[in-house]
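Peer 1: below are the sequence and a predicted model; questions follow.
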Amino acid sequence: MPTATYDNTAVPVDDEGFFTDPARWTEPMAGQIARDLGIGELTDRHWTVIRFMRAQYAAKGTGPTVRVLGKTSGVSVKELYQLFPKGPAKSAAKIAGIPKPRGCI
């Protein structure tokens, strides 16, 4: 199984770089993952989405889709695309250290 190193810690990831064990994720890792994705410094709005993604994964076993994110996270779909331009659900899931949400291409 592939691994990635964030915050000096090797973590198991799938072939697309998504965490396979979300319990291994820490908040300091998020900044490095975001930079690797070209997002830059994480703002409070990014963190709103990241924490929402983790809570949804913990509750349902998968991350939310963009539509669900836009309706229930408190961040509009338009803003989601501004925060995570390369695909909000997929990028936010990767930064949040959860597996790729079902329904993400």
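Peer 2: It's in.

Peer 1: end to end on stretch 10-19, go ahead and measure it.
Peer 2: 11 Å (CA to CA, to the nearest Å).

Peer 1: run through the neighbouring helices and strands of the lowest-mean-pLDDT helix or strand in the chain.
Peer 2: Among the helices and strands of the chain, helix 66-72 carries the lowest confidence by mean pLDDT, DSSP states H and E, at a mean of 92. With contacts taken as 3 or more CB pairs under 8 Å, 6 or more residues apart in numbering; DSSP states H and E, helix 66-72 sits against helix 44-60, helix 77-83, helix 88-96. Just so you know, the C-beta spots here come from the backbone N, C-alpha and C atoms, and that holds for glycine as well.

Peer 1: show me what counts as buried in the longest one.
Peer 2: Applying a neighbour-count criterion of 16 or more other CB atoms under 10 Å, one finds H46, V49, I50, F52, M53, R54, Q56, Y57 buried in helix 44-60.

Peer 1: quick check: closest non-adjacent residue to the residue sitting nearest the centre point of the chain.
Peer 2: Ranked by distance to the mean C-alpha position of the chain (CA atoms, centre = their mean), the top residue is A93 at 2.3 Å. Distances taken as CB to CB, 6 or more residues apart in numbering place G63 nearest to A93, at 4.5 Å, with adjacent residues excluded.

Peer 1: gap between the one you found and Q82?
Peer 2: Per CB to CB, to the nearest Å, G63 is found 19 Å from Q82.

Peer 1: tell me which of those two has more neighbours.
Peer 2: G63 (28 against 12; other CB atoms under 10 Å).

Peer 1: how far does stretch 83-92 stretch from start to finish?
Peer 2: End to end - CA to CA - stretch 83-92 spans 9 Å.
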